[in-house]
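**Student:** give me a model of this one.
(chains A, B, C and D)
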There are 2 protein chains.
Amino acid sequence: MKQAKISEAVVRRLPIYLQVLNELHSREIQTVSSQELGVKLDLNPAQIRKDLAYFGEFGRKGIGYDVIYLIEKIRQILKVNQTIKVALVGAGNLGHALCNYNKYSKDNMKITAVFDIHPDKIGTNINNLVVQPMNELTEVVEEQNIRIGIITVPAYEAQNVANQFIAAGVEGILNFAPAILRVPEEVRIHNADFTRELLSLAYYLNHEDDGENEEGDRDESAMD
Amino acid sequence: MKQAKISEAVVRRLPIYLQVLNELHSREIQTVSSQELGVKLDLNPAQIRKDLAYFGEFGRKGIGYDVIYLIEKIRQILKVNQTIKVALVGAGNLGHALCNYNKYSKDNMKITAVFDIHPDKIGTNINNLVVQPMNELTEVVEEQNIRIGIITVPAYEAQNVANQFIAAGVEGILNFAPAILRVPEEVRIHNADFTRELLSLAYYLNHEDDGENEEGDRDESAMD
DNA sequence: TAGATTGTTAATCGATTAACAATC
DNA sequence: TAGATTGTTAATCGATTAACAATC
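**Tutor:** Numbers count the residues shown, from 1 in each chain, chains lettered A, B, ... in the order given. Below is the predicted model of the structure:
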């Protein structure tokens, strides 16, 4: 009865469920069926039921899921029912944006420390946090028990920052820099590099209606 | 011989390949094998070859892939060999950050217009662009032939902005707001909501070494 | 009770990986 | 030529979906 291995696809859907559920909750809706969730999210209801069933029996047959209860359960699963402390390196515009989001967030993930390498940034204030110099990172991460590091520095500095986070003992890294980072196996890394999203979005432009891509280009031999 | 249907998973890997290739190019490396790419990206070499082979024969047997040639080809596939114009709504910190990234980007995706609803933002300058009022959006999008809209407004305004983008005729939307947006089938939407990344990252914290989750919680009947 | 909806098993579908002939 | 590596087919693996008994 050990928890079956949960695929990444399942885990990535949980925050989406949470988002819809929070919205339903704010509209004071108390119960929801997998059917209804499926319509909202363009997902197969069976998939939603199956995803949730990996973690327990959260619903009631004939009724559906209690919104508040399910929110609580998903939070438990994602471990955001406890406060998780986060540090951020790179006090630029993006760093600012994330700190602000943070302020309004309902989830218990808190950015509790901000670092930067540039002397003109150090000592300034972001959302009640004082920007600290990089050489204090290790100490602060250890002392505050920070578990996640966010990287919002230019690509060429990203690996270096990641290394410092890892040395300091974070368990996960959220990387916004457009760079491929090497991390040891025990550290989880997620990339939130928006250029990837933008480029893959471009692929789908006009893919139906214009035929530009359908001739030429295909049957020449490569690199001649 | 019509192009086989390309799965989303494949398309999402193309920008990653492009990223590594650009890096190799900047280091003046001229040829690369699927083997080497696989090591760098933690991907199976066969998968990389198969991904690329959907679009043509880009490599040379016994040799590998010419870096410059492959960059060019992937750019064609993603349609970023031409300039693609992008508009952004929401001139906050995140909007600023994206506009700046944009400035340094090598890809031909250009943010050419920025909008905001707040009077105090309108008329200000971001990266040489003047922030415009929302009521000019439709006209500007049409005139400039803008094909992608980026949404960096609070969640409660996101759907409204999306509707305006869609009415103005954009083909794709990149949404940074933590909201689930409804769009018509012909409009492609990608979500870059960082809270999702952060929440799914939290799931993986400590999943190996602490057993907190392994008892209790499982076999109580739901909602009693 | 009848209708609705879950949790779960079985069937299907699609994506990844292995293997290898072709060839540089 | 011998070694390397592609493009591609076949085998495997995993994820999604359909179907339905259990039950509220």
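**Student:** on the pLDDT front, check the closest residue to A:N145 other than its chain neighbours for me.
**Tutor:** Once flanking residues are discounted, A:N145 sits nearest to A:K85: 6.1 Å by C-beta to C-beta, 6 or more residues apart in numbering or on different chains. (Each C-beta comes from the backbone N, C-alpha and C, glycine too.) If you check A:K85, the pLDDT there is 95.
**Student:** now A:K85: how far from A:E197?
**Tutor:** 27 Å (C-beta to C-beta, to the nearest Å).
**Student:** counting neighbours, what do you get for A:S200?
**Tutor:** A:S200 has 22 neighbouring residues, counting by other C-beta atoms under 10 Å in any protein chain shown.
**Student:** is it true that it touches B:Y17?
**Tutor:** No - A:S200 is beyond contact range of B:Y17, at 11.4 Å (criterion: C-beta atoms under 8 Å).
**Student:** what packs against the worst-scoring helix or strand of chain A on mean pLDDT?
**Tutor:** One helix or strand of chain A scores below all others by mean pLDDT, DSSP states H and E: helix A:93-104, with a mean of 87. When contacts are defined as 3 or more C-beta pairs under 8 Å, 6 or more residues apart in numbering or on different chains; DSSP states H and E, helix A:93-104 packs onto strand A:84-89, strand A:109-116, strand A:125-126, helix B:93-104, helix B:194-203.
**Student:** contacts for that helix next, please.
**Tutor:** A:86, A:88-89, A:109-111, A:114, A:116, A:126-127, A:129, A:150, A:152, A:176, B:92-94, B:96-97, B:100, B:194-195 (C-beta atoms under 8 Å, 6 or more residues apart in numbering or on different chains).
**Student:** of the residues you listed, buried ones?
**Tutor:** Among the contacts of helix A:93-104, those classed as buried by 16 or more other C-beta atoms under 10 Å in any protein chain shown are A:86, A:88-89, A:109, A:111, A:114, A:116, A:126, A:129, A:150, A:152, A:176, B:92-94, B:96-97, B:100, B:194-195.
**Student:** partner strands of the helix or strand encompassing A:I189 and their direction?
**Tutor:** Element membership for A:I189, per DSSP states H and E: strand A:188-191. Neighbouring strands of strand A:188-191 in its sheet, by DSSP bridges, are strand A:172-175 (parallel).
**Student:** buried ones in the partner strand, by neighbour count?
**Tutor:** Buried residues in strand A:172-175, defined by neighbour count with 16+ other C-beta under 10 Å: A:G172, A:I173, A:L174, A:N175.
**Student:** now do the contacts for the first one.
**Tutor:** Read it as A:G172. When contacts are counted by C-beta under 8 Å, 6+ apart, A:G172 touches A:R147, A:I148, A:G149, A:V187, A:R188, A:I189, A:H190, B:L201, B:A202, B:Y204, B:L205.
**Student:** equivalent analysis for A:R196, please.
**Tutor:** Residues counted as contacts of A:R196 (C-beta under 8 Å, 6+ apart) are A:P178, B:R12, B:P15, B:I16, B:Q19.
**Student:** ok, A:G123 next?
**Tutor:** A:V130, A:V131.
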